[in-house]
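*Asks:* Dropping the sequence and predicted coords here.
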Amino acid sequence: MAKERILITVKTYPELSKKYGETVCTAGLRPDGSWVRMYPVPFRRLEDKEQYSKFDWVECILHRNKKDPRPESFCPRDMSQILPVGRMDTSDNWRDRRHFLLKPDAVTTDMQQLIRDAKANRRSLATFKPTRLIGFEWEPTERDWDKGKMEAMRALVNQGDLFEDENWRKTFQVIPKLPYKFFYHFEDAEGKVRKLQIFDWEIGALFWNCHRRSNGDESEALEKVHQKYWEEFIKKDLHFFLGTTLQHHFRARNPWVIIGVLPIPHEKQMSLF
């Protein structure tokens, strides 16, 4: 099988799986603009040379994920062969990202059509432009991982099933669970108000970084997250990367969640004079 080239645009906050341990859902686009979901990826257990950032180009061999019927879902054939080969930077007012990601036929504003597409299993990943942003909010959630998943994770670690390197096995710590859920409120092209949860790794990392800098003051950390995701991002031409969850893809009234945000600067208008 030939290697595929993918621009990584999405990395979700890690989840625990009884079978795979700590995993990340990664998604991106091929050079032709078609979406790809890669799962499972044990991102924090990859070697340094195999780790990648958002907006890195990576090359890897993929095969269909037989346990996931969503059309864009694939599995990396060999985790050690996910290799970064380039990067799409933000030079010239994000020119390359804007031209590649925001082509007119690549962005949707119709949430109801996305829901119909998911029910018909036509797609489960999309770039979405909210018509009007209404608010950013959070609510508390369980502070600890599911006990069954934690026990399964410990068993995998103790058995050595997750690590080839013994030092990794001895020092690896499960990422802390986020104690809050974060949401955007927005209006779509049909004028309907929507509320979608954000699963992006970056918002989780931001919360924990702010939590550490504020000496554990959660209120201060949440305010810092609000400053970035609302006060700063509302000034941008904000787009969402949306995805459906496997559990709710066919069954939920609205199976879509925000798996990444694109706070791209507004395009500069050329002066007529």
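*Replies:* Cool, the structure landed.
*Asks:* give me the number of residues near residue 217?
*Replies:* The local packing of residue 217 (other C-beta atoms under 10 Å) involves 13 other residues. All C-beta atoms are positioned from the backbone trio N, CA, C, and that covers glycine.
*Asks:* I'd like to know the phi and psi angles of it, please.
*Replies:* Residue 217 adopts backbone torsions of phi -80, psi 100, taken as degrees, to the nearest 10.
*Asks:* what's near enough to touch it?
*Replies:* Neighbour list for residue 217: residue 211 [criterion: C-beta atoms under 8 Å, 6 or more residues apart in numbering].
*Asks:* residues touching the closest residue in space to residue 38 that isn't next to it in sequence, list them.
*Replies:* Once flanking residues are discounted, residue 38 sits nearest to residue 26: 4.5 Å by C-beta to C-beta, 6 or more residues apart in numbering. Applying C-beta under 8 Å, 6+ apart to residue 26 gives the contacts 8, 10, 11, 12, 37, 38, 39, 41, 43.
*Asks:* Check the secondary structure at residue 26 for me.
*Replies:* Secondary structure for residue 26, judged by DSSP: H, G, I helix; E, B strand; the rest coil, is strand.
*Asks:* re the thing from before, which one of the contacts of residue 26 is nearest residue 66?
*Replies:* residue 39 (12.3 Å; C-beta to C-beta).
*Asks:* and the closest residue to residue 77 other than its chain neighbours, how many residues sit next to it?
*Replies:* The shortest distance from residue 77 to any non-neighbouring residue, by C-beta to C-beta, 6+ apart, is to residue 61 (4.3 Å). Applying other C-beta under 10 Å, we find 15 residues neighbouring residue 61.
*Asks:* Residue 61 and residue 76: what is the separation?
*Replies:* 7 Å (C-beta to C-beta, to the nearest Å).
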